[in-house]
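K.L.:
here is the input, now give the coordinates:
(one chain, ligands or ions: 1)
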Amino acid sequence: MWSVEDSLNELEALAQTAGAMAVGRMLQRLPHPDGATYVGKGRAQELVEIVKRLDIELVIFDDELSPNQQRTLEKLLDVRIVDRTALILDIFALHAHTREGQLQVELAQMEYRLPRLSNQNVEFTRQAGGSRGGTGVGGAIGVRGPGETKLEIDRRRIRSRISDLKEEIEEVRKQRTIHRRQRSGQVLPVIAVVGYTNAGKSTLFNTLTSAGVIAENQLFATLDPVTRHIVLPSNQEILLTDTVGFIQKLPTHLVAAFRATLEEVVDADVLLEVVDIHHENAIEQSDTVNEILGDLKAQDKPRVTALNKIDLLDSSDEIDTSLYPNAVPVSALQKIGLDALQEKIAEVLAQNMETVQLLLP
Ligand code: GDP
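P.N.:
Below is the predicted model of the structure:
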């Protein structure tokens, strides 16, 4: 189970990745969050003092705040308020490598922002109108102009961007379905790399593909950038595909937004789960990955586990490989254990091909 402290440690690490430096944390146990200020009123006042005293520029909440809570807190504290969702979106934006990933992150950001646009801009526009055309109702006439306040214009812009993004994503998805169909004609097994954010998926993906890439031939020239055609030392050819990172407390609408990317997982023949075995929450992270795989109905797929970052372990540390299916200790960065990992993938593939053959008449 994730403890509150684990979650806050992770939030701090995420904030650091996004470029912020944490100077302190506050924790409160309440039966339920306050509707207006998330934390209790007394705690909110305390926070006002701390923000002033330490000259804090940003306060991050480890949960999703309602638009109303966010606005109230921003007014009260007079600093930027960010919640877990916004922070995760920020980091996903930094890490989105593919066109589709970038589009999906931007869509999720826009949908997040829409209900959070504030009214402050309207006030500002009205004042500007007032200085031009007098006071009272007459003062607003000029600004009503084409019939919109700045807030309305902002909302309309975001809505129109959202619908453009949805169209573009639909286009990319169509392309990908075509690619997948072409691939399924090739009968090469597909291995999807999954794992918790920061476990080392990209590093492992790059290490495995740069070691074993074969010249991109015409057949695979159309593959999307996250899939590579490689040959294992056993001469088995596979398609290795990278996926987005999983993370705990990913709000449901974000899971929905990334579902399309995760189709790769659902279609894969074998999952290669990367676990950061050096992380104190390695087990919790892997549990979270399993929960998400469960949501995708992909938890029972054949699995190989890369227990990554063994270079960071002390030589006296025991690695318990029995906790994870088909586990192989590796270091993606230091290129340790990669042959054994590839052998294990070949072995699991061979077993599953036998199963398929047994099922055939
Ligand atoms: P992803 O979010 O799962 O794709 O993780 P990345 O591949 O981006 O790696 C996250 C961080 O872990 C990066 O700073 C990597 O350099 C580091 N990393 C990845 N593999 C290893 C490893 O085997 N050993 C060590 N020490 N660091 C690693």
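K.L.:
ok, now which ones touch D90?
P.N.:
18, 82 (Cβ atoms under 8 Å, 6 or more residues apart in numbering). For glycine as for every other residue, the C-beta is placed from the backbone atoms N, C-alpha and C.
K.L.:
one more: V265?
P.N.:
Contacts of V265 (Cβ under 8 Å, 6+ apart): 192, 194, 243, 271, 293, 296, 298.
K.L.:
and the residue of the stretch 1-150 of the chain that's closest to the ligand?
P.N.:
Closest residue of the stretch 1-150 of the chain to the ligand, Cβ to the nearest ligand atom: H95 (6.5 Å).
K.L.:
among the contacts of V265, name the ones in strands.
P.N.:
Judged by DSSP state E, the subset of the contacts of V265 located in strands is 192, 194, 271.
K.L.:
closest to the ligand among those residues?
P.N.:
V194 (9.4 Å).
K.L.:
wait, the closest one touches V266, no?
P.N.:
No. Assessed by Cβ atoms under 8 Å, V194 is found out of contact with V266, at 11.1 Å.
K.L.:
those two: who's more crowded?
P.N.:
V194 (28 against 13; other Cβ atoms under 10 Å).
K.L.:
residues contacting the more buried one?
P.N.:
So V194 contacts 201, 243, 246, 265, 271-274, 289, 293 (Cβ under 8 Å, 6+ apart).
K.L.:
got a quick ChimeraX command for the buried subset of these?
P.N.:
Selection of buried members from the contacts of V194 for ChimeraX, criterion 16 or more other Cβ atoms under 10 Å:
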select :201,243,246,265,271,272,273,274,289,293
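K.L.:
on that earlier part again, what's the closest of the contacts of V265 to S66?
P.N.:
Among the contacts of V265, L296 lies closest to S66 (Cβ to Cβ), at 28.0 Å.
K.L.:
Q28 against V39, yeah?
P.N.:
Yes. Counting by Cβ under 8 Å, V39 is a contact partner of Q28 at 5.4 Å.
K.L.:
which of those two has more neighbours?
P.N.:
V39 (19 against 13).
K.L.:
show me what the longest helix along the chain is packed against.
P.N.:
Ranked by residue count, the top helix of the chain under DSSP state H comes out as helix 150-184. The helices and strands touching helix 150-184, judged by 3 or more Cβ pairs under 8 Å, 6 or more residues apart in numbering; DSSP states H and E, are helix 99-113, helix 120-133.
K.L.:
what does this protein put close to the ligand?
P.N.:
195, 197-203, 245, 308-309, 311-312, 331-334 (Cβ under 6 Å from any ligand atom).
K.L.:
lowest-confidence entry in the contacts of V265?
P.N.:
Minimum pLDDT for those is recorded at T243 (77).
K.L.:
got a list of what that residue touches?
P.N.:
If you count contacts by Cβ under 8 Å, 6+ apart, T243 has them with 192-194, 201, 226, 261-262, 264-265.
K.L.:
re the thing from before, okay, the angle between the longest helix of the chain and helix 99-113?
P.N.:
Orientation check (axes from the mean of the first three to the mean of the last three Cα atoms, to 10 degrees): helix 150-184 against helix 99-113 gives 150 degrees.
K.L.:
and R99, what does it touch?
P.N.:
R99 neighbours (Cβ under 8 Å, 6+ apart): V172.
K.L.:
go on, P115?
P.N.:
Counting by Cβ under 8 Å, 6+ apart, P115 has contacts P67.
K.L.:
shaky segments in the chain?
P.N.:
Along the chain, the parts satisfying pLDDT under 70 run over 97, 118-148, 180-186, 211-225, 244, 251-253, 255-261, 354-361.
K.L.:
and the helices in it?
P.N.:
Along the chain, the segments classed as helices by DSSP H run 4-17, 41-54, 67-77, 84-95, 99-113, 120-133, 136-144, 150-184, 201-212, 252-258, 263-267, 282-295, 338-359.
K.L.:
any idea how far the shortest one is from the chain center?
P.N.:
Spelled out, that is helix 263-267. 16 Å (Cα atoms, centre = their mean, to the nearest Å).
K.L.:
if we take the contacts of T243, which one ends up nearest to K344?
P.N.:
Using Cβ to Cβ, the contacts of T243 come closest to K344 at V193, 14.0 Å.
K.L.:
mind listing what the closest one touches?
P.N.:
Going by Cβ under 8 Å, 6+ apart, V193 touches 201, 204-205, 240-243, 272, 274.
K.L.:
with respect to the ligand, which of the residues you listed is nearest?
P.N.:
Among these, and counting by Cβ to the nearest ligand atom, the member closest to the ligand is K201, at 3.4 Å.
K.L.:
tell me the contacts of that closest one?
P.N.:
Taking Cβ under 8 Å, 6+ apart, we find K201 in contact with 193-195, 242-243, 245, 274.
K.L.:
ditto for E106
P.N.:
So E106 contacts 93, 161, 165 (Cβ under 8 Å, 6+ apart).
K.L.:
which of those lies closest to D78?
P.N.:
A93 (26.1 Å).
K.L.:
so what's the closest one up against?
P.N.:
102, 105-106, 109.
K.L.:
go again using 6 Å as the cut-off
P.N.:
Contacts here follow Cβ atoms under 6 Å, 6 or more residues apart in numbering; on that basis A93 touches V105.
K.L.:
could you number the chain from 21 rather than 1 from now on?
P.N.:
Yes, from this point I'll number from 21; that puts the last item at A113.
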